[in-house]
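# Here you go, sequence then predicted model.
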Amino acid sequence: MLALKCFRWLSLIFLLCSFGFVQEQEKTDPTAENMLLLQRSCGGWSKFFNKQKVDYQHVFTTSEIALAEEQKDLTDATIDNNATSSEIRYLIKAYEKTQNKLYLSAAKKGINYLIEAQYPNGGWPQYYPDTHLYRSQITYNDRAMINVLRIMQDIVAATNSFGILGEDYKQKAKKALYLGVDCILKTQVIINGQKTIWAAQYDKDRLQPAKARVYELPSLAAAESSDVLLFLMDQPKSPLLIEAIETGVKWFADHKIENKEAVIIEDSTQPSGKDRVLVHQPGTDCWARFYDLKQQEPLFVGRDGVPRQTLSAIENERRVGYAWYGNWGDKVRKTYKKWKLNQF
């Protein structure tokens with residue numbers, strides 16, 4: 001009888017331990033769970049859910065979960081505004097912490113989506129598979145393509161937890177990274193025989209600067225070019241890459257607006273009650289967001305789509321609602337000094 005009781009107790013302890021082990025293997029992360037819910041069938045993620053900006057901290061209701069399932073096959077997956085790249089990075093970290101295989105599977109599906117979306121010329125569209133309007137354009141705007149290339153770089157280098165993906169993904173990412181860098185080198189804008197910087201978006205076939213929103217005309221884009229140059233300075237050196245960096249850095253040096261800074265001020269005479277103006281600020285340099293493709297002068301465009309040479313010439317709503325000036329060249333200048341020291 002005593003032996004039977006001992007056996008039963010041992011059996012119970014075994015079951016409890018087994019249950020605990022299973023629970024350990026099925027750890028979940030609320031944010032990652034929401035990412036699984038909102039991942040599109042194609043593997044990427046949208047910026048929106050139910051016409052609202054995605055909030056992964058949101059507790060979804062039963063009806064919202066049902067709606068998310070219904071929307072799985074929508075074609076609005078994108079790399080814009082950090083979408084898809086940020087989810088992949090989070091899921092890789094979540095898998096590392098929880099060992100929940102669903103998170104790794106979703107991250108792999110997202111990476112497969114990025115690899116499938118890449119054009120043969122190495123560029124990435126802003127959206128895939130949706131290609132209407134400007135969504136098919138090769139997009140540097142808001143770090144879209146650079147975010148993707150940073151992921152490919154991490155896979156190749158097995159950094160930031162991406163080493164768990166293995167050799168197959170490493171080889172795919174290596175090819176994608178090579179093509180992406182080649183696309184960047186090919187899209188550096190040449191004006192009057194001189195290499196300058198990059199546009200925010202390009203025609204996917206002609207690799208020429210292209211229009212996006214009505215106030216985003218084909219132009220040289222300082223913010224996006226800063227991100228491009230910082231990325232290039234992290235790549236293995238080659239004669240073409242060095243030339244691209246040197247000429248891009250020179251452009252920033254030649255086009256800085258010295259001792260100026262753009263600030264928001266209170267102004268009761270304006271419709272918004274405020275305004276954005278350029279003020280004198282000793283020791284501070286800034287750059288315009290856009291420069292025209294002929295004279296390489298600052299370019300400002302309102303919702304009428306008409307290019308103008310001064311910020312004050314466009315409507316107040318656009319003046320205060322868009323980053324027309326920034327210190328993007330400062331990052332380029334600082335990183336270039338370190339890069340130059342390590343060049344030889």
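Received it, and whenever you're ready, just let me know what you need.
# For residue 278, give me its contacts.
Applying C-beta atoms under 8 Å, 6 or more residues apart in numbering, we find residue 278 in contact with 257, 260-262, 286, 311, 325. (Each C-beta comes from the backbone N, C-alpha and C, glycine too.)
# Sort out for me which of these are in strands.
257, 260-262, 286, 325 (DSSP state E).
# from these, which single one is nearest residue 72?
Comparing the ones in strands among the contacts of residue 278 against residue 72 with C-beta to C-beta places residue 325 closest, at 41.4 Å.
# Run a quick neighbour tally on the closest residue to the closest one other than its chain neighbours.
Leaving aside its chain neighbours, residue 325 sits nearest to residue 262 (3.5 Å; criterion: C-beta to C-beta, 6 or more residues apart in numbering). Burial of residue 262 is recorded as 21 neighbouring residues (other C-beta atoms under 10 Å).
# Name whatever forms a beta bridge with residue 262.
Note on residue 262: beta-bridge partners residue 278, judged by DSSP bridges.
# go on, residue 125?
residue 138.
# For it, which residues are in contact?
117, 119, 131, 135-139, 204.
# Looking at these, which is nearest residue 306?
Residue 306 lies nearest to residue 137 out of the contacts of residue 125, by C-beta to C-beta, at 21.5 Å.
# Nearest spatial neighbour of the closest one, chain-adjacent residues omitted?
Nearest non-adjacent residue to residue 137, counting by C-beta to C-beta, 6+ apart: residue 201, 4.3 Å away.
# ok now do that neighbour, which residues does it touch?
By C-beta under 8 Å, 6+ apart, residue 201 lies in contact with 126, 134, 137-141, 209-212, 216.
# Need phi/psi at residue 308.
Dihedral angles of residue 308 (phi, psi; degrees, to the nearest 10) stand at phi -140, psi 160.
# Just give the nearest non-adjacent residue to it, would you?
With C-beta to C-beta, 6+ apart, the residue lying closest to residue 308 is residue 300, at 5.0 Å.
# ditto for residue 252
residue 329 (4.1 Å).
# Distance-wise, check residue 186 relative to residue 302.
32 Å (C-beta to C-beta, to the nearest Å).
# Check which element follows the lowest-mean-pLDDT helix or strand in the chain along the chain.
Least confident helix or strand, the chain: helix 2-25 with a mean of 46, by mean pLDDT, DSSP states H and E. Proceeding N to C from helix 2-25, the next assigned helix or strand is helix 30-38, under DSSP states H and E.
# of all the contacts of residue 278, which two lie farthest apart?
The widest separation within the contacts of residue 278 (C-beta to C-beta) is 12.9 Å, between 261 and 311.
# Identify the contacts common to the two.
With C-beta under 8 Å, 6+ apart, residue 261 and residue 311 have common neighbours 278, 325.
# quick one: the helices in the stretch 51-200 of the chain?
Ranges of helices within the stretch 51-200 of the chain are 62-70, 85-98, 101-117, 144-157, 167-187, based on DSSP state H, counting those that start in this stretch.
# The residue nearest to residue 252 reaches residue 226, doesn't it?
Yes - between residue 329 and residue 226 there is a contact under C-beta atoms under 8 Å: 6.7 Å.
# shared neighbours, the two?
With C-beta under 8 Å, 6+ apart as the test, residue 329 and residue 226 both reach residue 252.
# Adding distance to residue 241, write the contacts of residue 278 out as JSON lines.
Compiled in JSON lines, those are given as follows (distance: C-beta to C-beta, whole Å):
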{"residue": "257", "distance to residue 241": "28"}
{"residue": "260", "distance to residue 241": "32"}
{"residue": "261", "distance to residue 241": "32"}
{"residue": "262", "distance to residue 241": "32"}
{"residue": "286", "distance to residue 241": "27"}
{"residue": "311", "distance to residue 241": "34"}
{"residue": "325", "distance to residue 241": "29"}
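# ok, of those residues, which come out buried?
With burial judged by 16 or more other C-beta atoms under 10 Å, the buried subset of the contacts of residue 278 is 257, 260-262, 286, 311, 325.
# Okay, residue 338 and residue 331: tell me how far apart.
When C-beta to C-beta is the yardstick, residue 338 and residue 331 sit 11 Å from each other.
# Next: residue 160.
20 Å.
# for residue 288, same thing?
Look at residue 288 and residue 331: by C-beta to C-beta, they are 16 Å apart.
# neighbour-wise, which of those two wins?
Neighbour totals were compared for residue 288 and residue 331, and residue 288 leads with 24 against 15 (other C-beta under 10 Å).
# Give the bridge partners for the more buried one, please.
If you apply DSSP bridges, the partners that residue 288 bridges to are residue 325.
# Could you do residue 266 as well?
In this entry, residue 266 is beta-bridged to residue 274, by DSSP bridges.
# surely it meets residue 273?
Yes - the criterion here is C-beta under 8 Å, and residue 266 meets it with residue 273 at 6.8 Å.
# which of these two has more neighbours?
Legend: neighbour count by other C-beta under 10 Å for residue 266 and residue 273, higher for residue 273 (11 against 8).
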